[in-house]
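Student: here's my sequence, what's the structure:
(chains A and B)
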Amino acid sequence: MHPALQGLITIIIGVGGCVGYFWLSNLVLDKVLFPPRGPNAGRNINRANMIRPWLFLFPALAALGLYLAYPVFETLRLSMIERDGVEEHWVWFANYARMAAEPKFIEALRNNFLWLLVVPAASTAFGLLAAQLTDRLRWGNLAKSLIFMPMAISFVGAAVIWKLVYDYRPIDQEQIGVLNAIVVALGGEPQTWLQIPFWNNFFLMVVLIWIQTGFAMVILSAALRGIPEETVEAAIVDGANPFQIFFKIKVPQIRGTIVVVWTTITLVVLKIFDIVFAMTNGQWGTQVLANYMFDKLFRANDWGVGSASAMVIMVLVTPILVWNVVNARREMK
Amino acid sequence: MDNIAGTRSALGWAVNLSVLALVLLWLFPTVGLFVSSFRTADQIATTGWWKALVPAEQNLTLRTAPPETQREENGRYVIAGNLFLEDGREPAEISAWGISSRAIDAYRPGETAELRRGGTITVEANGDYRMESAEPFTGSRGQRVFVTAEIPPEFTLENYDKVLGKGVVKRLAVYALAALIFAFAVRWSLRDREGWLVAALPTVAGLALLVALSLVFGLSEGEAEGAQTTDNMSRAFFSTLTVVIPATVIPITIAAFAAYALAWMEFPGRALLIAAVVGLLVVPLQLALIPLLKLHLAIGIGKGYLGVWLAHTGFGLPLAIYLLRNYMVGLPRDIIECAKVDGATDFQIFARIVLPLSFPALASFAIFQFLWTWNDLLVAKVFLIDATGETTVMTNAIVELLGTRGGNWEILATAAFVSMAVPLVVFFAMQKYLVRGLLAGSVK
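Tutor: Predicted structure coming up:
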């Protein structure tokens, strides 16, 4: 069967099935199980209303449970198990110990921390700068739209774009990568940027900063708009200069939003995979956790260590998870 | 800050200029790829793309006509013609030329050089040449001539023909124009009406016409010469589309019902469930790879479209529920309570009132999910692409090109741009909804 046809049928079955399920289950509930008629009409209505929310929720809960909640525990279990053909036996933390002894893992952990330090800070700073500068501009919306554009580009597409920027030709040829062309024009030697140990990490980070700045800018720009005019006007009357207004009046008022942007980008950074996979595949000292995990799972076929490294990512995410849940609960009260 | 007299205009200039610099810096890399996709392999390899926009001095290696075309004039053997025409190029102005690779600019136009194997050659500024010798010229190929010439900017659709199939871009452009006009016509004819259906109809009508035209008149005029990627890329394009559409539509349906229950129905444990959804929002999908692949293999789905649809549905649900619930909670309580008093059931309230009113939130999530599934590499690699590679998606096809043809920038740039074109169109067309969704979706 042609995949497009299969896709169409899936949409019809998927959507039709969902709608049909909701409609039919409601019908059964109202007409068959607890009809709002007869001697028990009142009690039946109450019972039907107790059950109905769960009918609405069931498909979503099943999918969430199966695709997100269950894997957390299964991965935890797999990370403590050794597979021996078909047999599995518990080895507890042996996989973690094996992983910690691998230099590639230490390198991935170090690089992930570097990414965590640099990317959220740089993206938020650039985003804040762009948001503030475009705020009162007549062509501000166009400028924002263009800075925001990389958000629509896939990490893989971005990798290709930036590989062209970093392209290297020997010194006797004309450079076709912008970066080397600039270096040569300034009298330097062309470099293979992605192979310089340690610093190549930063050249990869630039790609993600380039993508995430637009996101930070959009959110922060909305926050800046939300600042009460009076506070800024009062500062102007008191003789504050534009920099004081920005740093002492505006930034403190949007601190909450800055934290939100920072944590959201932090989450993206923790899971960063495609950029490293497409540009260096972890060579020349650029390994990161998600790519290390992919390597272990699908190239080395080592599920124990692979799952253990996935759990490391989970542990790193957990503080943000807890913080989000606590905040959400506080907001609902 | 614009009330501070005196500093205003200077600061205004500084702001304008720095925003311009920022925008150009952000655009520059993408423009580089875009321009490169319209250049030949030769051009990309010899000059930077930023020089493609202005006439550039280039060093070319051209050949005269082969010896078999020689004529005898007054007892001398002569080969004459134009170097550029011989090579199938547009004529250009030569500033210097040479016949040895060690001295490629040894002669000015109009000068005459001694050939190593006897005879002379004269090259004029417009590329006309004349070789003369007392003895007949021998060999099978013409004389190599190195020229330095001012080459005007030159762009080609050749790469797109290679990647997508011959003539696809041209036809697609014509169809898209027709679809756009049709969409505007529909929009205009509905100008007096309002509602979410009216907002969506022009887009749907335009897309339908685009698909219909492509199906009726076809897209490709066949394979371009020497193309090995055509088949692969167009197949990858369609399998990406096959992955994306169900993976966008199905989670919306499921999430809408759940969001309604979480927003407007009273039941014990509701707050706990909402907290759980917020928590699941940040669970890295890396954790799900092995357990779910194991599950899919165990229940017989294996690697394939069904698996990837289910996976995208599961991973997209937390954001969908979260966005939709936040939006639905903000709907006016009066409308829903009035409907309840009038005897509407929850199902009717949901289908007739809440769903149509939630159109902006549905659109926001649809764009998110569309961009995320179109651009995804990891989920497709794990759940879809098997050893045969029949069902590769575009992101994966590009990664493979990076590996095997890392130097073929013309193919790589074009393939990457083809994969980016659809999300970019969606992005610019629906930016309003995307921004709205981002603002609602970032956990405050």
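Student: residue ranges in the stretch 101-250 of chain B under the pLDDT threshold?
Tutor: B:195-196, B:220-231 (pLDDT under 70).
Student: the helices in it, which residues?
Tutor: Counting by DSSP state H, counting those that start in this stretch, the stretch 101-250 of chain B has helices at residues B:158-164, B:168-189, B:196-217, B:230-264.
Student: just give me the neighbour total for residue 299.
Tutor: If you meant another chain, say so; for now it's chain A. Residue A:299 has 9 neighbours, counted by other Cβ atoms under 10 Å in any protein chain shown. Where C-beta positions appear, they are placed from N, C-alpha and C, glycine not excepted.
Student: please refer instead to chain B.
Tutor: That count, for residue B:299 with other Cβ under 10 Å as the rule, works out to 9.
Student: that one and residue B:307, how far apart?
Tutor: Per Cβ to Cβ, to the nearest Å, residue B:299 is found 10 Å from residue B:307.
Student: dump the helices of the stretch 101-250 of chain B into CSV; add mean neighbour count as well.
Tutor: Output for the helices of the stretch 101-250 of chain B, formatted as CSV (neighbours: other Cβ atoms under 10 Å in any protein chain shown):
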stretch, mean neighbour count
helix B:158-164, 24
helix B:168-189, 15
helix B:196-217, 15
helix B:230-264, 23
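Student: between those helices, which gets nearest to chain A?
Tutor: With respect to chain A, and counting by Cβ to the nearest Cβ, the nearest of those is helix B:230-264 at 3.5 Å.
Student: so which elements touch the closest one?
Tutor: helix A:3-27, helix A:41-64, helix B:158-164, helix B:270-280, helix B:305-329, helix B:359-375, helix B:394-404, helix B:409-429 (3 or more Cβ pairs under 8 Å, 6 or more residues apart in numbering or on different chains; DSSP states H and E).
Student: would you turn the ones you listed into CSV with distance to residue A:166?
Tutor: Putting the helices and strands packed on helix B:230-264 into CSV (distance: least, Cβ to Cβ, whole Å) gives the following:
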stretch, distance to residue A:166
helix A:3-27, 36
helix A:41-64, 41
helix B:158-164, 21
helix B:270-280, 37
helix B:305-329, 31
helix B:359-375, 21
helix B:394-404, 13
helix B:409-429, 13
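Student: quick one, which of these is nearest to residue B:52?
Tutor: helix B:409-429 (12.0 Å; Cβ to Cβ).
Student: can you name the residue of chain B nearest chain A?
Tutor: In chain B, the residue that lies nearest chain A is residue B:314 (2.4 Å; Cβ to the nearest Cβ).
Student: tell me how many other residues crowd that residue.
Tutor: Applying other Cβ under 10 Å, we find 24 other residues in the vicinity of residue B:314.
Student: are stretch B:128-147 and chain A in contact anywhere?
Tutor: No - judged by Cβ under 8 Å from any Cβ of the partner chain, stretch B:128-147 stays clear of chain A, getting no closer than 15.3 Å.
Student: give me the contacts around that stretch.
Tutor: Under the criterion Cβ atoms under 8 Å, 6 or more residues apart in numbering or on different chains, residues B:59-68, B:70, B:75-83, B:86, B:94, B:96-101, B:104-105, B:115, B:117-123, B:127 lie in contact with stretch B:128-147.
Student: can you measure across it, start residue to end residue?
Tutor: End-to-end distance for stretch B:128-147: 12 Å, by Cα to Cα, to the nearest Å.
Student: ok, stretch B:124-133 next?
Tutor: From the first residue to the last, stretch B:124-133 extends over 18 Å; the measure is Cα to Cα.
Student: list the buried ones in that stretch?
Tutor: Using 16 or more other Cβ atoms under 10 Å in any protein chain shown as the test for burial, stretch B:124-133 gives B:127-129, B:131-133.
Student: skipping adjacent residues, who's closest to the closest residue to chain B within chain A in space?
Tutor: At 2.4 Å from chain B, residue A:67 is the closest residue in chain A, using Cβ to the nearest Cβ. Closest residue to residue A:67 apart from its sequence neighbours, by Cβ to Cβ, 6 or more residues apart in numbering or on different chains: residue B:314 at 2.4 Å.
Student: what does residue B:71 give?
Tutor: Nearest residue to residue B:71 in three dimensions, chain neighbours excluded: residue B:78, at 5.3 Å (Cβ to Cβ, 6+ apart).
Student: paired strands for whichever strand or helix holds that neighbour, with orientation please.
Tutor: According to DSSP states H and E, residue B:78 maps onto strand B:76-82. Sheet pairing of strand B:76-82 (DSSP bridges) gives strand B:71-73 (antiparallel), strand B:128-133 (antiparallel).
Student: what is the mean pLDDT for the first one?
Tutor: This points to strand B:71-73. What strand B:71-73 shows for mean pLDDT is 82.
Student: can you give me the buried ones in that strand?
Tutor: The neighbour-count check on strand B:71-73 (16+ other Cβ under 10 Å) flags nothing as buried.
Student: all helices for the stretch 101-250 of chain A, in order.
Tutor: A:103-134, A:140-148, A:155-165, A:178-185, A:199-225, A:229-237, A:242-244.
Student: what does the domain assignment say about chain B?
Tutor: Per automatic domain parsing, the domain ranges recorded for chain B read B:7-51, B:56-151, B:168-219, B:228-441.
Student: winner for burial among the ones you listed?
Tutor: Mean neighbours per residue, mean count of other Cβ atoms under 10 Å in any protein chain shown, is largest over the domains of chain B for domain B:228-441, with a mean of 20.
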